[in-house]
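Student: I would like the atomic coordinates for the input below:
(one chain, ligands or ions: 1)
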Amino acid sequence: MTTDKSKYQTFEEFGFKKDILKGVKEAGFRLPSPIQQQAIPVVMEGKDVVAQAQTGTGKTAAFGLPAMNNIEGKGAVKLLVIVPTRELASQVSEELFRLGRYAGIQTVAVYGGQSIGRQVEMVGRGAQVVVATPGRLLDHLRSKRLKRFEPSMVVLDEGDEMLDMGFLEDIEAIFQFLPKERQTLLFSATMPPAIRKLANKILKEPVAIDVTPKDVTTNVDITQRYYVMEEREREEAMVRLIDTESPGRAIIFCRTKRETDALSTTLVSRGYASKALHGDMEQRQRNDTIASFKKGRVDLLVATDVAARGLDISDVSHVFNYHIPFDPQSYIHRIGRTGRAGKKGMAITLVTPLEYKELSRIMKVSGAPIKYKEIPTLNEVRKNFMDDLLSKLEAQEVLDEALQILDLVNDADQLFEVASRALSALMDAKEIAGPDRIGLNSQQVQNMIRRAKERTGPYGRTQKGSRFNRPGSRSGGRPGGKGPKGAGSRPGGYKKKGSS
Ligand code: AMP
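Tutor: Sure thing, here's the model as predicted:
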C-alpha cells in the first residue's frame with residue numbers, strides 16, 4: 001500500500017483529458033495521494049472497487065476524476081454518488097464540481113429538506129453527476145421523477161457510516177432501480193462484516209484497496225503525544241520538551257529549510273549536539289551530517305520531510321514534530337522512524353490552537369492515538385532533573401578513588417561541603433532556564449477541543465456553508481443558505497499550492 005511503490009507519481013500519468021487535468025491543477029493538487037495512486041488506474045480500467053479509506057485521504061478525487069474523465073457530453077446522469085449526510089452531499093458535490101468544471105461537468109446535490117421540484121429540474125437540465133443521500137434518492141426513484149437517470153458508475157461513499165445510520169434497507173432498495181450493467185465502487189473507513197456482505201451483493205469481482213495506515217499508528221511501541229502552545233512559544237516549548245525527555249537520538253521535523261537552520265542553531269547554543277538537514281545542502285555536507293548522527297556525535301537531527309526521506313537510521317528514541325506535517329501520510333512516515341524493531345519510541349507533536357484542526361484530522365484519518373500533555377513547568381523540569389540525578393547517584397558504582405578522597409575528609413561539616421560541591425558540579429552541566437510556564441494548560445486545551453468540536457459536524461468534518469446558492473453555481477442549491485457555522489474552511493488532506 002505504500003506510495004513509493006506506485007508507478008503513478010503525477011496526475012499526468014493517469015492519462016486524463018486535458019480539461020480534467022486543468023481542474024486538478026486549479027484545485028491546487030500537486031501529487032496524487034495514495035488512494036488516488038491506487039484507485040484511479042483500477043477505476044479507469046472499468047473494474048469494481050472496494051476501498052478502505054477515510055475522509056481526508058483524497059477519496060473523492062480518487063473516484064471522481066476517473067469517473068468524470070469518462071463522461072462525454074451532457075444529457076444524462078452518468079455518475080451517482082450515495083453519501084450518508086447532507087453535509088457530505090454538499091461537500092462531495094462541490095469537490096466534483098470544482099474538479100470537473102472545465103470538462104463541462106454539472107453536479108447536483110440531492111438530499112432531504114430541499115425543494116423536490118428544483119432537484120428534478122436540475123437533473124433534467126442535463127447534469128451528469130448526482131450526489132445524493134439515500135432517503136431522498138429512494139423517494140425520487142420510487143416516484144420515477146428523475147429523467148435521464150442512467151448512471152453507469154455508482155459510488156457508495158462512507159459505507160460503514162451509512163449502515164450505522166440505518167440506511168441498509170434504503171441502499172438495497174436503491175440498487176433495485178439502478179442499471180445492472182454498471183461499475184460500482186464502495187468506500188468505507190472500516191470493513192465490518194455487514195459492509196462485506198453488502199459489498200458481495202452489489203460489487204462484481206471487486207479489486208480491494210486499503211490505504212488505512214495500520215502498521216505505524218497501531219504500533220504500541222510508539223507513544224504519541226501532543227502539546228499546545230502559542231506560536232511565539234514554539235522554540236522555548238521545543239527546548240523544554242527536549243530537556244524533559246532527554247532523548248537519546250532524535251529527529252526534529254520542520255516545515256522549511258530556514259526553520260531547520262534557525263532551530264538547530266538555537267539548540268546548539270543551548271548546549272545540544274544538533275545539526276540541520278535540508279535539501280539546500282551539498283551532498284557531501286548532507287552525508288557528513290547523516291554520518292555524524294548515525295555515529296552518535298550528533299544527537300538531534302533537525303530536518304525537513306524531503307531531506308529525511310529514505311533515511312534509514314535505527315535507534316531513534318524520539319521524533320519531534322516541531323511543526324505539524326501537512327497530511328496524515330507524512331505524520332505516519334515521520335513517526336515510523338522511531339519504535340523500530342521492538343524498541344520503544346516517543347512521537348511528540350507541537351501545535352498552536354489554530355493548528356489543532358489539522359491535528360484532529362490527522363488523528364481521525366490515521367487513527368493515531370495521540371494524547372494531550374501539558375508542557376512541564378520550569379520547576380517540574382528541575383524536579384525531574386533532580387529525581388533523575390538522585391536515581392543516577394543511587395545506581396552509581398563507588399570508585400576506589402572516591403573513597404580515597406573521602407578518607408582525606410575528617411569531619412561531618414567538611415563531608416557536607418564536599419557533597420554539596422560535587423552535586424553542584426553535576427547540576428552545573430545542565431542549564432535549566434526559560435519561563436516557568438509554557439503553553440496552554442489542561443483547562444484551556446479542553447476549551448479549545450470543545451470549540452473545535454462545535455465547529456465540526458456530527459461526523460467530525462468541518463461543516464461548510466453551501467456555495468451552491470451563489471448565482472451562477474451549477475450545483476443543486478440549499479434554500480435559504482443556512483450553512484452551519486465555520487463556513488468555508490477547507491478540510492484539505494493534502495498540501496495545496498502555496499500553502500507553505
Ligand atoms: P477527501 O478525502 O476526498 O474528502 O479529500 C480531502 C481534502 O483533500 C479535500 O479538500 C481535497 O480537495 C483535498 N485533496 C484531495 N486530493 C488531493 C491531492 N492529491 N492534493 C492536494 N489536496 C487533495
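
Student: show me where the stretch 151-300 of the chain dips below the pLDDT cut-off.
Tutor: The stretch 151-300 of the chain contains residues with pLDDT under 70 at 212-219.

Student: quick one, strands of it?
Tutor: For the stretch 151-300 of the chain, the strands defined by DSSP state E, counting those that start in this stretch cover 183-188, 207-210, 222-228, 250-254, 274-277, 300-304.

Student: for the ligand, what's its nearest residue on the stretch 201-350 of the chain.
Tutor: Closest to the ligand within the stretch 201-350 of the chain is residue 327: 8.0 Å, counting by CB to the nearest ligand atom. For every residue, glycine as well, the C-beta is placed using N, CA and C.

Student: just the strands in the stretch 301-450 of the chain please.
Tutor: 318-321, 345-351, 371-372.

Student: quick one: which of those strands is nearest residue 268?
Tutor: Closest to residue 268 of the strands of the stretch 301-450 of the chain is strand 318-321 (CB to CB; 15.9 Å).

Student: what lines up beside the closest one in the sheet?
Tutor: Using DSSP bridges, the strands paired with strand 318-321 in its sheet are strand 250-254 (parallel), strand 345-351 (parallel).

Student: export these as JSON lines, with columns for mean neighbour count and distance to the ligand.
Tutor: Shown next, in JSON lines, are those (neighbours: other CB atoms under 10 Å; distance: least, CB to the nearest ligand atom, whole Å):
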{"stretch": "strand 250-254", "mean neighbour count": "26", "distance to the ligand": "20"}
{"stretch": "strand 345-351", "mean neighbour count": "24", "distance to the ligand": "19"}
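
Student: export those to JSON lines and tack on distance to residue 234?
Tutor: What follows is these, written out as JSON lines (distance: least, CB to CB, whole Å):
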{"stretch": "strand 250-254", "distance to residue 234": "10"}
{"stretch": "strand 345-351", "distance to residue 234": "6"}
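
Student: tell me which of the ones you listed sits nearest to residue 163.
Tutor: strand 345-351 (32.9 Å).

Student: touching the closest one from outside, list them.
Tutor: 221-229, 234, 237-238, 241, 245, 247, 316-324, 331, 334-335, 338-339, 358-359, 370 (CB atoms under 8 Å, 6 or more residues apart in numbering).

Student: what do you get if the cut-off is 6 Å, keeping everything else the same?
Tutor: With CB atoms under 6 Å, 6 or more residues apart in numbering as the test, strand 345-351 has contacts from 221-228, 237, 318-321, 324, 335, 338-339, 359.

Student: now stretch 300-316
Tutor: Counting by CB under 6 Å, 6+ apart, the neighbours of stretch 300-316 from elsewhere in the structure are 249-252, 260, 263-264, 267, 272, 274, 276-279, 293, 330, 337-338, 340.

Student: mind listing what's buried along that stretch?
Tutor: By neighbour count on 16 or more other CB atoms under 10 Å, the buried set for stretch 300-316 is 300-305, 307-308, 316.

Student: want to try a markdown table for those residues, with distance to residue 402 as columns?
Tutor: Converted to a markdown table, these look like this (distance: CB to CB, whole Å):
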| residue | distance to residue 402 |
| --- | --- |
| 300 | 33 |
| 301 | 37 |
| 302 | 39 |
| 303 | 42 |
| 304 | 47 |
| 305 | 48 |
| 307 | 46 |
| 308 | 44 |
| 316 | 35 |
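
Student: between these, which is nearest residue 191?
Tutor: residue 305 (30.1 Å).

Student: domains of the chain?
Tutor: Per the record's domain assignment (automatic domain parsing), the chain is made up of the domains 11-210, 222-375+437-448, 379-428.

Student: turn the ones you listed into JSON lines, including distance to residue 454.
Tutor: Listed next are the domains of the chain as JSON lines, based on distance: least, CB to CB, whole Å:
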{"stretch": "domain 11-210", "distance to residue 454": "15"}
{"stretch": "domain 222-375+437-448", "distance to residue 454": "11"}
{"stretch": "domain 379-428", "distance to residue 454": "32"}
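
Student: quick revisit: make a markdown table out of the strands of the stretch 301-450 of the chain and add mean pLDDT.
Tutor: As requested, the strands of the stretch 301-450 of the chain are exported to a markdown table (pLDDT from 0 to 100):
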| stretch | mean pLDDT |
| --- | --- |
| strand 318-321 | 96 |
| strand 345-351 | 95 |
| strand 371-372 | 92 |
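
Student: what's the local residue count around the nearest residue to residue 231 once chain neighbours are set aside?
Tutor: For residue 231, ignoring the flanking residues on the chain, the nearest one in space by CB to CB, 6 or more residues apart in numbering is residue 352 at 5.2 Å. A count of neighbours around residue 352, defined by other CB atoms under 10 Å, yields 20.

Student: also residue 33?
Tutor: 23.

Student: so what's the residue of the chain most remote from its centre up against?
Tutor: The C-alpha centroid of the chain is most remote from residue 410, which lies 64.9 Å away (CA atoms, centre = their mean). Going by CB under 6 Å, 6+ apart, residue 410 touches no other residue.

Student: mind pulling up the pLDDT for it?
Tutor: In this model, residue 410 is scored at 75, pLDDT.

Student: so what's the residue nearest to the spatial centre of the chain up against?
Tutor: The residue lying closest to the centre of the chain (CA atoms, centre = their mean) is residue 328, at 2.4 Å. By CB under 6 Å, 6+ apart, the residues touching residue 328 are 362, 365-366.

Student: can you check residue 272 too?
Tutor: Here residue 272 is in contact with residue 300 (CB under 6 Å, 6+ apart).

Student: tell me the residues of the stretch 1-150 of the chain that contact the ligand?
Tutor: Residues of the stretch 1-150 of the chain that fall close to the ligand, judged by CB under 6 Å from any ligand atom: 27, 29, 31-33, 36, 55-61, 95.

Student: switch those residues over to TSV; also include pLDDT and secondary structure.
Tutor: As requested, these are arranged in TSV below (pLDDT from 0 to 100; DSSP: H, G, I helix; E, B strand; the rest coil):
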residue	pLDDT	secondary structure
27	93	coil
29	89	strand
31	86	coil
32	89	coil
33	85	coil
36	93	helix
55	66	coil
56	67	coil
57	75	coil
58	86	coil
59	90	helix
60	93	helix
61	96	helix
95	94	helix
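
Student: who wins for neighbours among those?
Tutor: Busiest of these [other CB under 10 Å] is residue 36, holding 31 neighbours.

Student: OK, contacts around the closest residue in space to that residue that isn't next to it in sequence?
Tutor: Leaving aside its sequence neighbours, residue 36 sits nearest to residue 62 (CB to CB, 6+ apart; 4.6 Å). Residues counted as contacts of residue 62 (CB under 6 Å, 6+ apart) are 35-36, 39.

Student: which helix or strand contains residue 62?
Tutor: In the assignment (DSSP states H and E), residue 62 maps to helix 59-70.

Student: helix or strand right after that helix?
Tutor: Past helix 59-70, the next helix or strand by DSSP H and E is strand 77-82.

Student: can you give me the angle that next one makes with helix 59-70?
Tutor: 170 degrees (axes from the mean of the first three to the mean of the last three CA atoms, to 10 degrees).
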